[in-house]
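Chemist: attaching a predicted model along with its sequence, questions to come.
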Amino acid sequence: MKQTLQIFDRINRQFVPVDDEILDILEKETILESNLRYLVKKILTEAMKPPSSLVDDYAIYTNYNDQSDIGNITFILYNSTKAAETLLEDLEIEKEYAAEDEEEWDPYGIVDLMIDAMNTNIVAILQVDNMGDTCNQAWQVTRSAAESGFGPTIYDIAMGLSPNGLVADRNSVSSEAKSVWRFYGEKRDDVEKTYLDDINNPITRWENDDCIIHGKYPPVAASASYIADTWLHDNYPDVSDQLMSHMEEIGYNLLDFPHSDIIEKAQEIAAQSDEGDELAEEIGEEWVSYFEQNERNLYDLYPPDFWNEKIPLDISYNHSQHESAFYGLEQNHNEFMQLLEIHGMGEVGEWDWDHDQLEFMARDFFKGKY
């Protein structure tokens, strides 16, 4: 038998040492899982294209305005260098046709050329809704699609612009988007994370974090339970020990209970002590005071101790990076829109550019991906 590692299985109510061969397999599986996690993190990190690296060749077309409280915002990231090349090539062809037929320019047709040039060079789209005073006041991502490596890039750009960051769609999330959110949850230590509270069964008094929750047991609830248990252990160790012993006797895990139930059970035990109701009342008052002071910092006090596909969806994510990169990308779009004027075709504004095109372009790119 291995002397350095003892693992037992329970067979017929008896603990039996696990076979050496099984232990070897388990050790190999652990190594494989560790390698896999490392590779996934490495691939995601290396694949993401920093927004600042795109300013030379890419542009953003958007209806975002930092001075307005717009409800629906769309971001389209495209290769403006290639789009300009495509547009100028198409314009030369149109010039030749017009000269041969001795026809005047069709301004609407020329705008279509611009749209086609942009469409063929889109690399990512992102659409968000302003959630108002709910969901940590973050923008909700309602639609996203991207070429490889550009998904986290466009999320990062929008996250940096939103005053309170981003949250996942509260109705449904694609498997690809789940991977992005999990990446932010597990790997992005530079991003501020805040739990969302269950709007139907709130944990905190703070209403701005109330939101529709994806998981049956949201991470904010697990955090509150852990903090209640830790607080009891640090401040009332005798009561905490008795409560833990009681849970073990009846076969329950204390952390499976809501934080309010943990405190109530502790108060019940305290009421039976020599100090009686006075101690029970003290525990209740002290806990309420402590929790009210810390309810907005539950993530910092107890982040998730494991991750699954649901947990990252019940967190909001925020940072203040990439603002300068965004304005550089936006300026590139403005310059692309001036190409016709530069080449003597007039200003785009003269031809009533259809601003619904933003929605149509995002929709069509999304449909092409899913």
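Modeler: Arrived safely.

Chemist: C-alpha from now on. contacts and neighbour counts both.
Modeler: Noted.

Chemist: now the strands for the stretch 101-250 of the chain?
Modeler: Using DSSP state E, counting those that start in this stretch, the strands assigned to the stretch 101-250 of the chain run over residues 122-130, 139-146, 166-167, 192-195, 197-198, 210-211.

Chemist: the helices in the chain, which residues?
Modeler: Secondary structure of the chain (DSSP state H): helices at 20-47, 80-101, 107-119, 151-161, 175-187, 219-235, 237-250, 259-271, 276-294, 298-301, 323-337, 339-342, 357-369.

Chemist: which strands and helices sit next to the third one?
Modeler: Same thing as helix 107-119. strand 72-79, helix 80-101 (3 or more C-alpha pairs under 8 Å, 6 or more residues apart in numbering; DSSP states H and E).

Chemist: related to what we said a few turns ago, what's the closest of the helices of the chain to G132?
Modeler: helix 151-161 (15.4 Å; C-alpha to C-alpha).

Chemist: between the closest one and helix 175-187, how many degrees?
Modeler: Relative orientation of helix 151-161 and helix 175-187, computed by axes from the mean of the first three to the mean of the last three C-alpha atoms, to 10 degrees: 60 degrees.

Chemist: list the contacts of the closest residue in space to E192 that isn't next to it in sequence.
Modeler: Excluding its sequence neighbours, the residue lying closest to E192 (C-alpha to C-alpha, 6 or more residues apart in numbering) is N318, at 5.0 Å. Contacts for N318 (C-alpha atoms under 8 Å, 6 or more residues apart in numbering) come out as M159, G160, S162, N164, G165, L166, V191, E192, K193.

Chemist: okay, the strands of the stretch 101-250 of the chain, which one's buried deepest?
Modeler: Of all the strands of the stretch 101-250 of the chain, strand 166-167 has the most neighbours on average by mean count of other C-alpha atoms under 10 Å, namely a mean of 29.

Chemist: who does that one touch, helix- and strand-wise?
Modeler: strand 139-146, strand 315-318.

Chemist: how is this structure partitioned into domains?
Modeler: Domain assignment for the chain by automatic domain parsing gives 8-47, 58-165+320-369, 219-312.

Chemist: about what we covered before: any idea which of the helices of the chain is most buried?
Modeler: Using mean count of other C-alpha under 10 Å, helix 151-161 ranks as the most buried of the helices of the chain, with a mean of 24.

Chemist: now the domains of the chain in a markdown table, with distance to E207?
Modeler: Formatted as a markdown table, these follow (distance: least, C-alpha to C-alpha, whole Å):
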| stretch | distance to E207 |
| --- | --- |
| domain 8-47 | 34 |
| domain 58-165+320-369 | 7 |
| domain 219-312 | 11 |
